[in-house]
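Undergrad: I need the structure of the sequence given here:
(chains A, B and C)
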Amino acid sequence: MSTKEEQTLFDASEITVSMGPQHPSTHGVLQVKLKLDGERVIDAECVIGYLHRGVEKLGEAQTYGQFVPTLDRMDYIAAVSNCLGYCEAVEKLLSVTAPPRAQYIRVIMTELNRISSHLLWLGTHAIDLGAVTVFLYCFREREEILKIFENYCGARLTTHMFRIGGTQYEIYEGFQDQVRAFVKDFPKKADEYETLLTENRIWIGRTRGVGVISAKDAIDMGLSGPSLRGSGVEWDLRKAKPYAVYSDFQFDIPVGEHGDTYDRYMVRLEEMRQSARIVGQAVEKIPDGPLMAKMSKIIKPPIGDIYHSIEAPKGELGYYIVSDGSTQAYRTRVRPPSFVNLQSLKRMVAGHMVADVVAIIGTLDIVLGEIDR
Amino acid sequence: MADEQKDSQQPEKPAEPQKSAAPPGEAKAAVPKPPPPPPGAKPAAPAAPPKPKGPQQEPWSSPLVDAIKEKFGGEFVKSYSFLGQNQIEVKKDRIAEIMTFLRDNEIVPFNYLVDETAVHWPKTEEFEIVYILYSHAKNEQVRVKTRIKEWEPIESVASVWTTADWLEREVYDMFGVQYINHPNLKRILLPEDWVGYPLRKDYNIRLQDVEWVRKHLGIDSGQKYYVGEARHEDEGYITPSD
Amino acid sequence: MDFAIDYILIPFIKIFIVFNVVAGVVALLTLAERKVAAWIQVRLGPMRVGPYGILQPLADGIKLMLKEDIVPAGADKWIFTLAPVISLVPAFIVFAVIPFGPADAFTIMGHKVGYVITDLNIGVLYVLSISSVSILGIILGGWASNSKYPLLGALRSAAQMVSYEVALGFSIIGVLILAGSLSLVKIVEAQKAAGYWYVFLQPLGFILFFACGIAETNRAPFDLPEAESELVAGFHTEYSGFRFSIYFIAEYASMIVVSCMAVTLFWGGWLRPFPNVHILDFLDAIPLAPLFWFAAKVVVFIYAYLWFRWTWPRYRYDQLMKVGWQWLLPLAMANVIVTAVLVLLLKG
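TA: Next up, the predicted model:
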């Protein structure tokens, strides 16, 4: 027939495949344009923005307090972290410190949220590599965490748990017991996930040496969070610049060695255990006291700007707020960890197979709500 | 519980200025967590007479700042600290060189570009480009700021930190800042044929949304918008409020 | 008249029975897959349609029949329509030679009737060649869809089939040497005569056969042609409604075929456990006993299929090739040589 058809049949050494935005394992509406030579990836280009809602613009149109629930919609897997980061940033700008009781509740919730975020990551990552059952095991434990959230604030996903200056809700009766029970059980459950994956030959084959990134490259690409620690950089904002009351707790920062997908898997698994450890410590010594700091009901920060970042489950989540002294921020900038981490996809997938692309997207632990904002 | 009640009864006003009055802002925010003032912290209140307007910019200097002054003399504008966060302002002409120096210097090597963003100041028709840098070795963070006029290009730092590639694309996408020597300067979050730069203060986002929907979906979005002539007769039309 | 009864009427009735039973088992298998998956994953599985969801396959079938039948605009309509059928038919006609029981179990009005539709003297060859055709359906379906993911899926399955067919063939040869026949009935009878199942003589051969069998039927951990997380749905991405379900049925039927073959070749077919212990002979007197033993063994293998699927991650394409060519094939060849030498030494 036409010459064009002949070319695609016989001459073309590479084909372009559009992975996503409707694809089971791009974790949302991410589109990756893959140039393939057979099954080998020559080049990958991310197309993002399908979920863009203009969160930063919204931050300019709402008061500080009103804006907080909007942020839950960014990284909806870890809504509590988003909330914590923003509240602390504004508190810093106001020179207000939340009372210790609120701080402890914040830490417990944020760490539980980290576990639930990592559980979701582990489940979907395993599904991407064909191990479906892990997903349901993870969701079993995630459900327990979401129940705690639901009991505490009524919401499971977009929680809006904290307020600027502290927390709104007192912990409910039986909270401590429920959390204790979870923390006690969790390490055993984590071992259960490991029995399915850690020593499985196929799993090791699929993750070892896949998506390798050296520590130097990782920093150059701006990676943060578990993705950076998988490359062996022992850097965690909870230790480097302790916020909330993290300096009160003992926990380790797990690091990887080779910077490959398997190491990042091990890092995140260990992080869940460490988070459970933090929660276990925090829940035993929640101090008494007020929940809200003494501050004006109308939040009017001084003129100036502030950058505050926390260790979200995905990496460094930062807020840069410029205040003009009014009740609305002049400019709110979110430093989304997923957005920056995703940038390294191109470098990580080059030369790998199509099947590895899903493994690498999975290992970066991205949430499109946060990337596109 | 009792504390909570006290909390709400407390008149809110004095709490804030009293705090910033003592050591204006700076040390407070830098030290991780000073124990919060006990519930009924009255004694401090009377000791704060003049009520300065919140935290102020504090002069700040360090060996690194001196090194920049020495090396780039005229490019340096000022360095200060606000709420314990250090900031350096420089001119935009040799920004890539300054950034390379900041990355490679021996004093505090800022190997990690945390974020790059912009702030629009329409009154002076200026954009403030903000670079947030972090040094893993020294555990130090600094903000470098530079100002450009509208439509004035600025050099890209993507060659210094690869991270800047997407961050600058986003700034371009949202503010229309033109980067020189950027490897791939095109829109990142918005569609290629989007008109205008939404995070500019003078951007009429609702009008653009209505136009976009009309053009691509052929329907009315139902969005209320400000700009006049197009749809005066609409119910949804609201007069400009400010 | 006798000719008509022996070669037309009786086979026709047998075919009718076998076809319906296999179709029924396939339907049950879809339910079993969901139930086993659910149990492995600490949940209940389908519970709404009928008691414990046993009518679920029926509901699924009706749903799929009623779905809109979509043929993509750029697809090659004829091949697109034909491909699922090409995949399905071989999966079913393979059952013609599978012995569910002895070939001459009873005599009805002077006509010998057995538990096998036809005892072909090259039965093994027939099974291997016919089941290869079913792969053609997958390749054609992927190609005719005129879409990139199905094409990749089709290419993967082509490569996979070629690689694993070879090892599969070699893994059987050990059994053939021992039995000295290509007839499936004769192979089982040889096991009866020997007094033990061939799996005890050919453990490696069995493992290789089953591994290759899983790969041949595109099941996890070798389900690359339809790897849903990479290729959306692989070769059947563009298929919907009943055409999709035909592929599905073909896959399950192939699973049953491989299980039946494994049972027949290695696990003594319809023989009861310990066929050489004569105290247990009374077990054979029970009516339909051969069918029971056969079915019980098949169920074990089917369960293994499901178990693997819901426990293991998926191989990557190049790893699959590596396993096939670097491990399974050399081992299968070594198995053939060792078996041949031993048989020669011990018998000669």
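Undergrad: Now do the strands in the chain.
TA: Using chain A. A:15-19, A:31-37, A:40-47, A:162-163, A:166-167, A:304-312, A:315-323, A:329-335 (DSSP state E).
Undergrad: Correction: the question concerned chain C.
TA: C:106-108, C:111-113.
Undergrad: right, so the ones you listed: which one is the most enclosed?
TA: Each of those was scored by mean neighbour count; the highest is strand C:111-113, a mean of 13, by mean count of other CB atoms under 10 Å in any protein chain shown. C-betas here are computed from N, CA, C, even on glycine.
Undergrad: Tell me the strands beside that strand, with direction?
TA: strand C:106-108 (antiparallel) (DSSP bridges).
Undergrad: Residues contacting the partner strand, please?
TA: C:K112, C:V113 (CB atoms under 8 Å, 6 or more residues apart in numbering or on different chains).
Undergrad: Off-centre distance for that strand?
TA: Taking CA atoms, centre = their mean, to the nearest Å, one finds strand C:106-108 lying 29 Å from the centre of the chain it belongs to.
Undergrad: ok, the residue nearest to C:I70 when sequence neighbours are not counted - contacts?
TA: Excluding the flanking residues, the one nearest C:I70 by CB to CB, 6 or more residues apart in numbering or on different chains is C:S240, at 4.9 Å. When contacts are counted by CB under 8 Å, 6+ apart, C:S240 touches C:K67, C:E68, C:D69, C:I70.
Undergrad: do the same with C:V257
TA: If you count contacts by CB under 8 Å, 6+ apart, C:V257 has them with C:A91, C:V94, C:F95, C:I98, C:V127, C:S131.
Undergrad: Surely C:A105 is in contact with C:V113?
TA: Yes: between C:A105 and C:V113 there is a contact under CB atoms under 8 Å: 6.7 Å.
Undergrad: circling back: closest one to C:Q326 among the strands of chain C?
TA: Closest to C:Q326 of these is strand C:111-113 (CB to CB; 47.5 Å).
Undergrad: who's in contact with the closest one?
TA: With CB under 8 Å, 6+ apart as the test, strand C:111-113 has contacts from C:D2, C:I5, C:D6, C:I10, C:D104, C:A105, C:F106, C:T107.
Undergrad: Nearest to A:E144 among these?
TA: Comparing these against A:E144 with CB to CB picks out C:A105 as the nearest, at 57.0 Å.
Undergrad: got the contact list for the closest one?
TA: C:V113, C:G114, C:Y115, C:P290.
Undergrad: what about 6 Å?
TA: Going by CB atoms under 6 Å, 6 or more residues apart in numbering or on different chains, C:A105 touches C:G114, C:Y115.
Undergrad: which residues touch A:F149?
TA: A:R156, A:T159.
Undergrad: What pLDDT is listed against it?
TA: pLDDT, A:F149: 90.
Undergrad: can you count the residues close to the nearest residue to A:K189 once chain neighbours are set aside?
TA: Excluding its sequence neighbours, the residue lying closest to A:K189 (CB to CB, 6+ apart) is A:E141, at 5.2 Å. For A:E141, the count of nearby residues is 22 (other CB atoms under 10 Å in any protein chain shown).
Undergrad: so where do the helices sit in the stretch 51-200 of chain A?
TA: Taking DSSP state H, counting those that start in this stretch as the test, the helices found in the stretch 51-200 of chain A are A:55-61, A:64-72, A:79-94, A:100-128, A:133-153, A:175-197.
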